[in-house]
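Asks: Here is a sequence together with a model predicted from it:
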Amino acid sequence: GAGALALTRHDPEPVATSADAGGAIPFYGRRQAGIVTPAQDRLHFCAFDVITDDRAALVEMLQDWTAAAARMTAGRDAGTFGAVGGSPEAPPDDTGEALGLPASGLTLTIGFGPTLFRDARGRDRFGIAARRPAALADLPKFPRDALEPAISGGDIGVQACAHDPQVAVHAIRNLARIGMGKVSVRWSQLGFGRTSSTSRSQATPRNLFGFKDGTRNLKAEDAALLDEHLWVQPGDGPDWMTGGSYLVTRKIRMLIETWDRSPLSEQQTIIGRDKGEGAPLTGAREHDEPDFAAQDGAGLPVIAADSHLRLAHPDQNGGARMLRRGYNFVDGSDGLGRLNAGLFFMSYQRDPHKQFVPVQSRLAKQDALNEYIRHVSSGLFACPPGLPAADDHWGRALFA
Ligand SMILES: C=CC1=C(C)c2cc3[nH]c(cc4nc(cc5[nH]c(cc1n2)c(C)c5CCC(=O)O)C(CCC(=O)O)=C4C)c(C)c3C=C
Ligand SMILES: [Fe+2]
């Protein structure tokens, strides 16, 4: 709560960093933490289905979640009695596996999926269908999509990021426990190794193909670009989303063994950057601007027409940009001797239909990388602005 009181609408963007990997990131503020917060090392993302039709019960659960989230992000137990301080006759109000662990930079970011507003059977269960933003319209089906319904969609999404996986898992587990009878876990995903930098204070990490990823990401320090591309602006849609952002999740299986058998030069041609430095193939340093007009001796473009870099670049997509915040995943192996591994892609943007959709449409049709990847899950969530004060709660403006 102390952080809440310190942050007002006049505060600058919360480029909150924990002093060390154990530190706490303020839960309350103008924006939800976990979007421009420098990406932590670990992820547990969970999509919930709401299993009650009772609006008041759902709102009450969101209040309970908010209180627990504020406590856990401060490094405290989920409930007031804690894992071991309550009655021995009652289940503890915290599950205990984070006892003794610091806050670990935990952030909890909530988003509401299209099906919360109108379910698959067309029902407006909670009387909020008219409050659904146009930007939350379902994503189109893209060529090559191999989406599995059981691990796609969801009424509510919660992104837990932390520097300690036990802390992120503990947070989701306790929200699921608190929500019992009102929500059920639809699907969840663990991630390790961030694949993006969201702040200039961070070095660019690498994805499982071994390439630097996140070089040309939106960064927390670029306030004007964030207003243009990340944060929902007044007049964009319903007021309850002003100051928020839309999250797209895509679980992308990467065909690691096939990639590992392809020559270095081919890998670099596919991405459009060199593997060591991460420089565009027309440059020498990571942050050099790519020169898409440059040709080699044979008159061919140095950055290939079907390279990921060229196709995803804002110049090819009407200036569209997004804040990528994905994680590597390895879900063991697939029984056929291959790693079940890839990228849990997450992007935040002001309007997914003007940003993610055009970029992914182009990539799905032409990207040379497609031979090595499969999109197996998809999610879309409207993430409201932050809670400015401790008497506010998740969903209050939506359900007002
Ligand atoms: C629809 C959006 C995107 C998907 C899906 C996606 C998948 C994906 N990307 C990589 C690896 C890299 N991507 C890089 C850059 C990059 N990718 C996207 C969008 C999607 N990627 C954008 C918008 C950009 C930035 C383009 C630009 O502004 O220049 C890079 C290069 C480094 C970087 O700039 O971040 C790599 C490497 C994989 C492996 C993947 C699917 C598994
Ligand atoms: Fe990419």
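Replies: That came in fine, so what should we check first? Ligands and ions are numbered 1, 2, ... in the order given.
Asks: ok, residues contacting the helix ranked longest in the chain?
Replies: Ranked by residue count and defined by DSSP state H, the top helix of the chain is helix 55-73. Residues from elsewhere that reach helix 55-73, judged by Cβ atoms under 8 Å, 6 or more residues apart in numbering: 1, 24-28, 33, 50, 52, 77-79, 98, 103, 106-108, 110, 125-127, 170-171, 174-175, 178-179, 182-183, 387, 390, 392-396, 399. C-beta here means a position set from N, CA and C on the backbone, and glycine is covered the same way.
Asks: ok, of those, which come out buried?
Replies: 24-28, 33, 50, 77-79, 98, 103, 106-108, 110, 125-126, 170-171, 174-175, 178-179, 182-183, 387, 390, 393-396, 399 (16 or more other Cβ atoms under 10 Å).
Asks: Over to residue 357. Which of the three states is it?
Replies: Under the three-state scheme (DSSP: H, G, I helix; E, B strand; the rest coil), residue 357 adopts helix.
Asks: so residue 176 touches residue 186, yeah?
Replies: No - when contacts are counted by Cβ atoms under 8 Å, residue 176 is not listed as touching residue 186 (10.8 Å).
Asks: Nearest residue to the middle of the protein?
Replies: Taking Cα atoms, centre = their mean, the centroid of the chain lies closest to residue 346, which sits 3.9 Å from it.
Asks: Just list whatever residues bridge to that residue.
Replies: residue 249 (DSSP bridges).
Asks: Could you check how far it is from residue 218?
Replies: 13 Å (Cβ to Cβ, to the nearest Å).
Asks: okay, and the common contacts of the two?
Replies: residue 324.
Asks: Report how many residues lie close to residue 328.
Replies: The number of residues packed near residue 328 is 21, by other Cβ atoms under 10 Å.
Asks: Ignoring the adjacent residues along the chain, who's closest to it?
Replies: residue 193 (4.2 Å; Cβ to Cβ, 6 or more residues apart in numbering).
Asks: and the one you found, that one's in a strand?
Replies: Yes - with three-state DSSP as the criterion, residue 193 is part of a strand.
Asks: Show me what from this protein comes close to ligand 1.
Replies: 207, 209, 211-217, 250, 252, 254, 271, 273, 308-309, 312-314, 342-343, 345, 356, 359-360, 363, 373 (Cβ under 6 Å from any ligand atom).
Asks: Residue 176 and residue 186: which is more packed in?
Replies: Under the criterion of other Cβ under 10 Å, the comparison of residue 176 against residue 186 puts residue 186 first, with 22 against 17.
Asks: tell me the SS of that one?
Replies: Taking three-state DSSP, the label given to residue 186 is strand.
Asks: How about residue 45?
Replies: Of the three states, residue 45 takes strand under three-state DSSP.
Asks: so how many other residues sit close to it?
Replies: So residue 45, with other Cβ under 10 Å, has 27 neighbours.
Asks: List the residues that contact it.
Replies: Contacts of residue 45 (Cβ under 8 Å, 6+ apart): 157-160, 188-189, 191, 249, 344, 346.
Asks: Okay, and the beta partners of it?
Replies: Applying DSSP bridges, one finds that residue 45 bridges with residue 159, residue 189.
Asks: Residue 79: what's it in contact with?
Replies: So residue 79 contacts 68, 71, 86, 92-94 (Cβ under 8 Å, 6+ apart).
Asks: Quickly note the distance from it to residue 33.
Replies: On the measure of Cβ to Cβ, residue 79 and residue 33 end up 21 Å apart.
Asks: Now, of the residues of the chain next to ligand 1, which are buried?
Replies: Judged by 16+ other Cβ under 10 Å, buried ones among the residues of the chain next to ligand 1: 207, 209, 211-217, 250, 252, 254, 271, 273, 308-309, 312-313, 342-343, 345, 356, 359-360, 363, 373.
Asks: Inside helices: which ones of those?
Replies: 271, 308-309, 312, 356, 359-360, 363.
Asks: Help me confirm that the residue nearest to the centre of the chain comes into contact with residue 247.
Replies: Yes - judged on Cβ under 8 Å, residue 346 makes contact with residue 247 at a distance of 6.2 Å.
Asks: intersection of neighbour lists for the two?
Replies: Joint contacts of residue 346 and residue 247 (Cβ under 8 Å, 6+ apart) are residue 159.
Asks: Take the contacts of residue 45 and write them to CSV, including pLDDT and distance to residue 286.
Replies: Conversion of the contacts of residue 45 to CSV gives the following (pLDDT from 0 to 100; distance: Cβ to Cβ, whole Å):
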residue, pLDDT, distance to residue 286
157, 99, 32
158, 99, 33
159, 98, 27
160, 98, 30
188, 98, 33
189, 98, 28
191, 98, 23
249, 99, 27
344, 98, 23
346, 98, 22
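Asks: got a markdown table for those, with distance to residue 238 too?
Replies: Output for the contacts of residue 45, formatted as a markdown table (distance: Cβ to Cβ, whole Å):
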| residue | distance to residue 238 |
| --- | --- |
| 157 | 18 |
| 158 | 21 |
| 159 | 22 |
| 160 | 26 |
| 188 | 28 |
| 189 | 29 |
| 191 | 31 |
| 249 | 22 |
| 344 | 29 |
| 346 | 23 |
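Asks: Selecting buried members of those in PyMOL, what would you type?
Replies: Command for PyMOL, covering only those of the contacts of residue 45 found buried under the criterion 16+ other Cβ under 10 Å:
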select buried, resi 157+158+159+160+188+189+191+249+344+346
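Asks: so who does the closest residue in space to residue 267 that isn't next to it in sequence touch?
Replies: Sequence neighbours aside, residue 275 is the residue nearest to residue 267 in space, at 6.4 Å (criterion: Cβ to Cβ, 6+ apart). Going by Cβ under 8 Å, 6+ apart, residue 275 touches 210-211, 264, 267-268.
Asks: what's the closest of these to ligand 1?
Replies: residue 211 (3.8 Å; Cβ to the nearest ligand atom).
Asks: Understood, closing this out.
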